[in-house]
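Novice: kindly generate the corresponding structure for this input.
(one chain, ligands or ions: 2)
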Amino acid sequence: MKIALIGYGKMGKMIEQIALGRGHQIVSIIDVDNQQDFDSPEFASADVAIEFTNPTAAYGNYLKAFAKGVKVVSGSTGWLKDHKADVERMCTEGGQTLFWASNFSVGVAIFSAVNRYLATIMNSFPEYDVAMEETHHVHKLDAPSGTAITLAEEIVDRLDRKQRWVKGTVQAADGTVSGTEACAPGELRIDAVRRGEVPGIHTVKYDSPADSITITHDAHSRQGFALGAVLAAEYTAGHTGLLTIGDMFKF
Ligand SMILES: NC(=O)C1=CN([C@@H]2O[C@H](COP(=O)(O)OP(=O)(O)OC[C@H]3O[C@@H](n4cnc5c(N)ncnc54)[C@H](OP(=O)(O)O)[C@@H]3O)[C@@H](O)[C@H]2O)C=CC1
Ligand SMILES: O=C(O)C1=N[C@H](C(=O)O)C[C@H](O)C1
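Specialist: Residues are numbered from 1 along each chain as shown. Ligands and ions are numbered 1, 2, ... in the order given. Here you go, the predicted structure:
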């Protein structure tokens, strides 16, 4: 398969190695300084472009790839609040294809299934309150993480006593804490920690006067994210429209 890479940072470079190892060809690599390559025949020849950039660049990159008729797999986070409806419309009515996931690792897909089941069970146990925490490396631009937001939305969709998620505290690399621990009973608080080079830790904690139940996904490296993105590209080559992780991992 012919793959174009949009974004050649930590994820782009790891995806390149995994894609080559699975027998794919990298036909184009677009970073900040060669945006003109979106107009190259090599980019247009790609079966799929894999996009990992940042919250502000992602949407524009989708538009540029779509204009060339190239399908996109993207893991960039932090852009949905501004562009989700537009991107959904382009893929459901406009004939474009985007596979987006806040987290491509199979471990988080399993974690998400447990999270959804636990939230449903907790409707019968009102003594438990729930809160979340995510920890990432100090370079991360968005908080809460995309994965934390997805997990929180899964809980809000199932647990009747939570109406919305809210951003709680953010602990910066130097230990300073901003934001607030205060939230209403119907709100699910997500705290964020930025520390060292942590690839990504997500915790959901249910706490009652008697005990607590905690589930955690702790990524040891970016390998799982990168492999998942390549698997998603292979899946996307044969599918169209708005795609996500539940289409690929069915359990
Ligand atoms: N869904 C998932 O499973 C995962 C998602 N992510 C998300 O993916 C994104 C990227 O992560 P990561 O690779 O670690 O970040 P990096 O900062 O290491 O890499 C991003 C790269 O994109 C480049 N870039 C910035 N703007 C553009 C643009 N307009 N066009 C092309 N390239 C551009 C950056 O260049 P420069 O440095 O010069 O600005 C940099 O090389 C983040 O949003 C992160 O949250 C990360 C891991 C897993
Ligand atoms: O920025 C990162 O590194 C990551 N971002 C994604 C997110 O925001 O959830 C996925 C993973 O946690 C790593």
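Novice: can you tell me, leaving aside adjacent residues, what's nearest to H220?
Specialist: P199 (7.0 Å; Cβ to Cβ, 6 or more residues apart in numbering). Glycine gets a C-beta too; all of them are placed from N, C-alpha and C.
Novice: since we're on the one you found, how many residues are nearby?
Specialist: Burial of P199 is recorded as 17 neighbouring residues (other Cβ atoms under 10 Å).
Novice: in the stretch 151-251 of the chain, which residue sits closest to ligand 1?
Specialist: Ranked by Cβ to the nearest ligand atom, the top residue of the stretch 151-251 of the chain for proximity to ligand 1 is F225, at 3.7 Å.
Novice: how about the residues of the stretch 101-250 of the chain by ligand 1?
Specialist: Selection of the stretch 101-250 of the chain residues close to ligand 1 by Cβ under 6 Å from any ligand atom yields A101, S102, N103, F104, R222, F225.
Novice: just those residues now: which is nearest A57?
Specialist: Using Cβ to Cβ, S102 comes nearest to A57 of those, at 16.6 Å.
Novice: strands of the protein, residue ranges please.
Specialist: 2-6, 25-30, 48-51, 71-74, 98-100, 129-136, 164-171, 177-179, 187-194, 201-207, 212-218, 242-243 (DSSP state E).
Novice: okay, now the nearest residue to the residue of the stretch 151-251 of the chain closest to ligand 1 once chain neighbours are set aside: neighbour count?
Specialist: Distances taken as Cβ to Cβ, 6+ apart place F104 nearest to F225, at 4.9 Å, with adjacent residues excluded. Look at F104: counted by other Cβ under 10 Å, it has 29 neighbours.
Novice: may I ask which of the residues of the stretch 101-250 of the chain next to ligand 1 has the most neighbours?
Specialist: F104 (29 neighbours).
Novice: next, that residue: phi, psi?
Specialist: phi -90, psi 0 (degrees, to the nearest 10).
Novice: how many neighbours does I110 have?
Specialist: Neighbours of I110 (other Cβ under 10 Å): 13.
Novice: within range of ligand 2, give me the residues from this structure.
Specialist: T77, S102, N103, H136, K140, S145, G146, T147, G200.
Novice: Throw those into JSON lines and include pLDDT, thanks.
Specialist: JSON lines is the format used below for the residues of the chain next to ligand 2 (pLDDT from 0 to 100):
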{"residue": "T77", "pLDDT": "94"}
{"residue": "S102", "pLDDT": "97"}
{"residue": "N103", "pLDDT": "98"}
{"residue": "H136", "pLDDT": "98"}
{"residue": "K140", "pLDDT": "97"}
{"residue": "S145", "pLDDT": "97"}
{"residue": "G146", "pLDDT": "97"}
{"residue": "T147", "pLDDT": "98"}
{"residue": "G200", "pLDDT": "98"}
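Novice: nearest spatial neighbour of F249, chain-adjacent residues omitted?
Specialist: With Cβ to Cβ, 6+ apart as the criterion, F249 has its nearest non-adjacent residue at 4.5 Å, and that residue is A109.
Novice: about what we covered before: so the residue of the stretch 151-251 of the chain closest to ligand 1 makes contact with S102?
Specialist: No. The pair F225 and S102 does not pass the contact test of Cβ atoms under 8 Å, sitting 10.3 Å apart.
Novice: at which residues are the helices of the stretch 51-200 of the chain located?
Specialist: Counting by DSSP state H, counting those that start in this stretch, the stretch 51-200 of the chain has helices at residues 58-67, 80-92, 106-121, 146-158.
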